[in-house]
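*Asks:* Test case, fold it:
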Amino acid sequence: MASSPLEAARAEGTKTSRLFGMPLHGTYAPYLHNTITRLAGVDRTYSKMESTDMDAFLKYARSEECCGSAVTMPHKVAVCQHLDELTEDGRNIGACNTVIIRRGPNGERKLVGHNTDSVGVRESLLRADDSHVKSGRTRPGAVLGAGGACRAAVYALTKWLNCSPIYVVNRDDVEVEQFIGAFKQTASEAFNPELIHVKTVEEAENLAAPAYIVSAVPAFPPTSPEEKQARAVAQTIFDKPEKGVILEMCYHPDIWTELAQLAQDAGWKVVTGEQAMIWQGIEQQLLWLGCEEKDLPIQEILDTVAKQVASDKETGAEPPLN
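*Replies:* As a prediction, the model looks like this:
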């Protein structure tokens, strides 16, 4: 009998995981996961499944070869209806980026949908500055954008980071309405975030400063009137006297964005997006390997992957696979 989860994983022999999505250009997921399993001494490999074929993905996930899988855009929401179960986090966020393999009462494989993006947000912000959470206070949070990454950010800000209400700043009013409406549809006693759509600079001026901000918008300068207005609202929030931490989720094609610079110039502590990517991936492997954080060489993983990302951004190289 194996004496630890990692020994049990080693005893299983060769297993694989895949990242199901389209497109997958620029992703560091294979390098991150193959680094983790290499350092853990486990015979598992992680590769891209660049596809829109849901049936092919489900066939793979149900095969004995698969020890767990990852899902990215455009499948994070659509895949949920094809899985056997969703975890509480998966249900509340309304999107799945992780498929966990569990066994049913008769030994059958069950595909369980989960979301670790929220853990990536939580760990990135807490490890940068946890003073707000330790204070026991409740302050607002904010998300810039209204896409899938912001769903996980709202969950992390509300559930773990003592933030309420959550300001939503975005160029597209209809997208924000749909974003807020989706949370209202799935609201429960355990998770019912208060979301405020901040449309104008005047509205932003009258709001209390957030403790944490998560930005998940493309790293392009604003050009349309709507984009410029959303940027002006964000700048108004940055300029408030009370500062905090901002996680800039975008790290491709560059780690440091124009928005990150604006926030730093205004006095905010900036966490770059590769940190969220690394932490959510570590959480995936903890689930797939069935182990705890103490069982993995966390600092070596962080240093190895962050160094590779920084080097590739400097040289223009594509992300390696392992």
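*Asks:* which stretches of the protein have low pLDDT?
*Replies:* In the prediction, the chain carries residues with pLDDT under 70 at positions 1-2.
*Asks:* What segments of it are strands?
*Replies:* Listed in chain order, the strands found in the chain under DSSP state E are 15-21, 44-50, 69-71, 85-86, 98-103, 109-114, 139-144, 163-169, 195-197, 212-215, 245-248, 269-272.
*Asks:* Residues touching the last one, excluding its own?
*Replies:* Outside strand 269-272, the residues that touch it by Cβ atoms under 8 Å, 6 or more residues apart in numbering are 124-125, 128-129, 243-248, 251, 255-256, 260, 263-264. (Each C-beta comes from the backbone N, C-alpha and C, glycine too.)
*Asks:* before we move on, back to that, could you identify which of the strands of the chain is most buried?
*Replies:* Mean neighbour count (mean count of other Cβ atoms under 10 Å) peaks for strand 212-215 among the strands of the chain, with a mean of 29.
*Asks:* sorry, back to before: could I get the strands of the chain as CSV with distance to Val133?
*Replies:* Shown next, in CSV, are those (distance: least, Cβ to Cβ, whole Å):
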stretch, distance to Val133
strand 15-21, 31
strand 44-50, 32
strand 69-71, 28
strand 85-86, 27
strand 98-103, 24
strand 109-114, 23
strand 139-144, 10
strand 163-169, 9
strand 195-197, 20
strand 212-215, 9
strand 245-248, 11
strand 269-272, 14
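*Asks:* Looking at those strands, spot the one closest to Phe183.
*Replies:* Among the strands of the chain, the nearest to Phe183 by Cβ to Cβ is strand 195-197 (6.3 Å).
*Asks:* Check which helices and strands the closest one is in contact with.
*Replies:* If contacts are counted by 3 or more Cβ pairs under 8 Å, 6 or more residues apart in numbering; DSSP states H and E, strand 195-197 sits against strand 163-169, helix 173-185.
*Asks:* tell me what the first one is packed against?
*Replies:* Contact partners of strand 163-169 among helices and strands, from 3+ Cβ pairs under 8 Å, 6+ apart: strand 139-144, helix 148-159, helix 173-185, strand 195-197, helix 225-238.
*Asks:* Nearest approach to Val71 belongs to which of those?
*Replies:* Taking Cβ to Cβ, helix 148-159 is the member of the helices and strands packed on strand 163-169 nearest to Val71, at 10.6 Å.
*Asks:* What lies in contact with the closest one?
*Replies:* 73, 76-77, 89, 92-95, 97, 115, 117-122, 125, 141, 143-144, 163-164, 166, 168, 179, 182-183, 191, 193, 195, 212, 214, 216, 247, 249.
*Asks:* thinking again about what came up before, most neighbours among the contacts of strand 269-272, which one?
*Replies:* Leu125 (31 neighbours; other Cβ atoms under 10 Å).
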